[in-house]
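S.K.: could you look at this predicted model? Sequence included:
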Protein chains: 2
Amino acid sequence: MSKVVRVHQHGGPEVLRIEDLEVGEPGPGEVRIAVEAIGLNRAEAAFRSGMYLQKPTLPTLIGYEGVGVIEAIGPDVQGFKAGDRVCVVPSFRQGEYGLYAEKAIVPARSLLPPPPGLTPVQAASIWMQYFTALAIIEVGHATVGDHVVIRAASSSVGLAAIQLANWAGAVSIACTRRSDKAAALKAHGAQHVIATEETDLVAEVMRITGGKGARLVFDPVGGPEVDKLAQAMAEEGILFIYGSLSGQPTVFPHWPAALKGLSLRGWVASQIWGKPERYARAHKLILQGLAEGHLQPVIAKTFPLAQIVEAHRYLESNQQIGKIVVTVN
Amino acid sequence: MSKVVRVHQHGGPEVLRIEDLEVGEPGPGEVRIAVEAIGLNRAEAAFRSGMYLQKPTLPTLIGYEGVGVIEAIGPDVQGFKAGDRVCVVPSFRQGEYGLYAEKAIVPARSLLPPPPGLTPVQAASIWMQYFTALAIIEVGHATVGDHVVIRAASSSVGLAAIQLANWAGAVSIACTRRSDKAAALKAHGAQHVIATEETDLVAEVMRITGGKGARLVFDPVGGPEVDKLAQAMAEEGILFIYGSLSGQPTVFPHWPAALKGLSLRGWVASQIWGKPERYARAHKLILQGLAEGHLQPVIAKTFPLAQIVEAHRYLESNQQIGKIVVTVN
């Protein structure tokens, strides 16, 4: 028996229930790991509360990013053995497997070796954030001379985007709601910070870019502010929408988009790991970035598994700068 | 004195008033033409009714595409002389000049020689439609193996998009509201026709594309149907929005866009003629397409200038297949 978190009904953080369950043996293509650290993602809060695209059958397992040590190998698994420490990349459907646990069965196709030099907590934090933020490189081709506006910049993906934009020689412009996080964002590499509730976003981006506008915008929020973001963009810019945290519809910004030839581009990290060639290239880039110090995981706070409810509360509090990681044992 | 149409107040077609006015002499960079034929565009109906981006000072001139013969040349105009027949490309702000007239002053930078072999009526119909529809080539890179869904396919731009998609070896899928135009659309080159009020759009596109979806969509309507169009699209597809004829907001189709990495791309023809290199390339392509027969202007109906009100009524009736042209003298 081991501690496993399940959701029996959708709701707030308190619906995360720690139970003693028999995890069982891995099936074909699967392994069982002793979990060491779990990276939390906003998508898990949406899944927990019933707001995610895929509605699970309840009760459901939860959690899909983490690090652990392989205990048992199922049939048809190549390249891994018991005792290996592995990262679990969140490249399966939420609820299909569950990392919020002491032990978890996971698909071998979602495993990667932990990058050298990272602690398990750090290694549990990297894949979702860097694969997601790689949109600005893989699709946006961020480069020298570009300005990249990063909304919700304090999130783990936001910080990853700042690091990637800087690495590519572009100018990172971090957006955060209030200026209380500005100093921390600058310390984490943001070249400019705009406190959107205190400043005129369009005027400030135009000032920073010398009137040209930002060629790339990276936004997990959507909603009515997208029109302002579009007004702050350069000709033929790309505005990535990789979430809908505003909870409001995102109306296509007709005139700025038409006159400047802007694209609104939908994005999720599966756009990388669903494509083997792109996945291999992106994986290599992330390893290089970590090895050379361009990419540095930022851990906002850790919680023990027993405090999974508090960890989700913190996840939804918007206080954090970086990734929240839950440790096991 | 010559007949000139002006709008004194925004409203329906009846606000188009034919007056006797002195057109005057061309200024620097301008020429005066004796108008022969005027191509009508939907944007002019929006401008007339006060729904266009730029609100003019009233009374205003109207009309920006046509053919005429140069009568007088202003200072600083190179490459044209009195007696030349010229096309006026609608590459200036509506109301800045006005083609709905017997005589009109127009900017020399908006002139092109009429392509060989076209009547004045045909030559008045080509530039807006082909420069606009070239989005699918210039930006969408339509090619062999692609499926291109063309909404409002009976419009002049819609037919131009069908011709361009076919020329590029792609499969053209014309969308029209009811099946009464299906035969005509097929006769004009549509490889498939979907009557959107009579058929399940998504199922039909998936049937035609063998489950893959359309890589390109070309849409002047926007509004709630965009979500269905997104569902009918292929991975990494581009949905061009070049108008908002629905009058309703276009909500970003979050999940299909995210899961398939779709782009919604704003578009107007000025994205071509505002960029000299692209304008030159596109102009050459259009001439080649006309010369080789890939592009064939389709004239829905002609009206004399005296019936400009009736011409606008017809423009807004959605009965036409192709371009409406107004003839002068």
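M.R.: Alright, I've got the coordinates.

S.K.: which SS class is the most centrally placed residue in chain A?
M.R.: Nearest to the geometric centre of chain A sits residue A:129, at 3.6 Å (C-alpha atoms, centre = their mean). Three-state call for residue A:129 (DSSP: H, G, I helix; E, B strand; the rest coil): helix.

S.K.: what mean pLDDT does stretch A:190-199 get?
M.R.: Averaged over stretch A:190-199, pLDDT sits at 97.

S.K.: can you list the residues that contact it?
M.R.: A:149-151, A:153, A:162, A:166, A:171-179, A:181-182, A:185-186, A:201, A:204-205, A:208, A:225 (C-beta atoms under 8 Å, 6 or more residues apart in numbering or on different chains). (Each C-beta comes from the backbone N, C-alpha and C, glycine too.)

S.K.: rerun that using 6 Å as the cut-off
M.R.: Residues outside stretch A:190-199 that contact it (C-beta atoms under 6 Å, 6 or more residues apart in numbering or on different chains): A:162, A:171-175, A:177-179, A:182, A:185-186, A:201, A:204, A:208.

S.K.: secondary structure element for the residue lying farthest from the centre of chain A?
M.R.: Here the centre of chain A is the reference, and by C-alpha atoms, centre = their mean the most remote residue is residue A:259, at 32.1 Å. Using DSSP states H and E, residue A:259 falls within helix A:254-260.

S.K.: residue in the stretch 1-150 of chain A nearest to chain B?
M.R.: residue A:53 (5.5 Å; C-beta to the nearest C-beta).

S.K.: who's in contact with that residue?
M.R.: Neighbouring residues of residue A:53 by C-beta under 6 Å, 6+ apart: residue B:255.

S.K.: per-residue pLDDT, the residue in the stretch 101-250 of chain A that chain B sits nearest to?
M.R.: Nearest residue of the stretch 101-250 of chain A to chain B: residue A:250, at 4.0 Å (C-beta to the nearest C-beta). With respect to pLDDT, residue A:250 has a value of 97.

S.K.: I'd say it and residue B:252 touch.
M.R.: Yes. Counting by C-beta atoms under 6 Å, residue A:250 does reach residue B:252; the two are 4.0 Å apart.

S.K.: packing partners of the helix or strand hosting residue A:207?
M.R.: For residue A:207, the element it lies in under DSSP H and E is helix A:201-208. With contacts defined as 3 or more C-beta pairs under 6 Å, 6 or more residues apart in numbering or on different chains; DSSP states H and E, the packing partners of helix A:201-208 are strand A:192-195, helix A:226-231.

S.K.: ok, residues contacting it?
M.R.: A:192, A:194, A:214, A:228, A:231, A:232.

S.K.: tell me which two in the residues you listed are the farthest apart.
M.R.: Spatial extent of the contacts of helix A:201-208 (C-beta to C-beta) is set by the pair A:192 and A:231 at 17.3 Å.

S.K.: how is chain A carved up into domains?
M.R.: A:2-126+A:297-327, A:130-271 (automatic domain parsing).

S.K.: show the end-to-end separation of the first one, please.
M.R.: What it means is domain A:2-126+A:297-327. With C-alpha to C-alpha, to the nearest Å applied, domain A:2-126+A:297-327 spans 15 Å between its terminal residues.

S.K.: how far does that domain sit from its chain's centre?
M.R.: Centroid separation for domain A:2-126+A:297-327 versus its chain: 14 Å, with C-alpha atoms, centre = their mean, to the nearest Å.

S.K.: go on, the shortest one?
M.R.: The gap between the average C-alpha position of domain A:130-271 and the chain average comes to 15 Å, counting by C-alpha atoms, centre = their mean.

S.K.: and it, how far apart are its ends?
M.R.: One end of domain A:130-271 sits 13 Å from the other (C-alpha to C-alpha).

S.K.: so is stretch A:141-155 next to chain B?
M.R.: No. On the criterion C-beta under 6 Å from any C-beta of the partner chain, stretch A:141-155 is out of touch with chain B, staying 13.9 Å away.

S.K.: who touches that stretch?
M.R.: Contacts of stretch A:141-155 (C-beta under 6 Å, 6+ apart): A:136, A:158, A:161-162, A:165, A:168-176, A:181, A:185, A:209, A:214-221, A:321.

S.K.: strands of the stretch 201-329 of chain A, residue ranges please.
M.R.: A:214-219, A:233-241, A:263-266, A:299-304, A:323-327 (DSSP state E, counting those that start in this stretch).

S.K.: adjacent strands (with direction) for the third one?
M.R.: Pointing back at strand A:263-266 there. Here strand A:263-266 has these sheet partners by DSSP bridges: strand A:233-241 (parallel), strand B:263-266 (antiparallel).
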